[in-house]
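> sequence below, structure please.
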Amino acid sequence: MQLFIFLTCMLVGVSSGAVYDLLYAARIFVCGTDAERYTLKDRIMTIACDIIYFVVFAAMFVFTSVLFEFYELRLYMLVGCALGAIIYLKSLHIIIAFALKKVYNIIAKRIKRRNSNE
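Predicted coordinates:
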């Protein structure tokens, strides 16, 4: 049973990575890709996305725990969630982040070109 709980928690961690990527995409399109040039508005957006991520992650963990009747919190459950999130961030997130930056740069160039033509 503990292996099932651990693997389920890893799946919650991987799923939280997908939520992270949605918020990452929103942050990229609102704030841009250059973190050194972030304004106060951009920093507030980053903090808001982080808070939303942790709230959604906690809700996913609690929902899964109630759904599968994992009533006791064990360290291996948290390790499973963290490991799943790390696996996601070290694999699929890299591909998605690369693609988002490419799309953002293409859109930014087109907007810049359109504004220079006007």
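
> let me know the distance separating the residue nearest to the spatial centre of the chain from Met45.
In the chain, the centroid-proximal residue (CA atoms, centre = their mean) is Tyr20; its distance is 1.0 Å. Computed as CB to CB, to the nearest Å, the Tyr20 to Met45 distance reads 15 Å. Placement of C-beta: from N, CA and C, glycine included.

> so where does the residue nearest to the centre of the chain fall, helix or strand?
helix 2-31 (DSSP states H and E).

> could you identify the helix or strand that succeeds that helix?
Remark: after helix 2-31, the chain's next helix or strand is helix 40-67, criterion DSSP H and E.

> in this structure the residue nearest to the centre of the chain contacts Ala97, no?
No: here Tyr20 lies out of contact with Ala97, judged by CB atoms under 8 Å, at a distance of 10.2 Å.

> how many other residues sit next to Ile51?
11 (other CB atoms under 10 Å).
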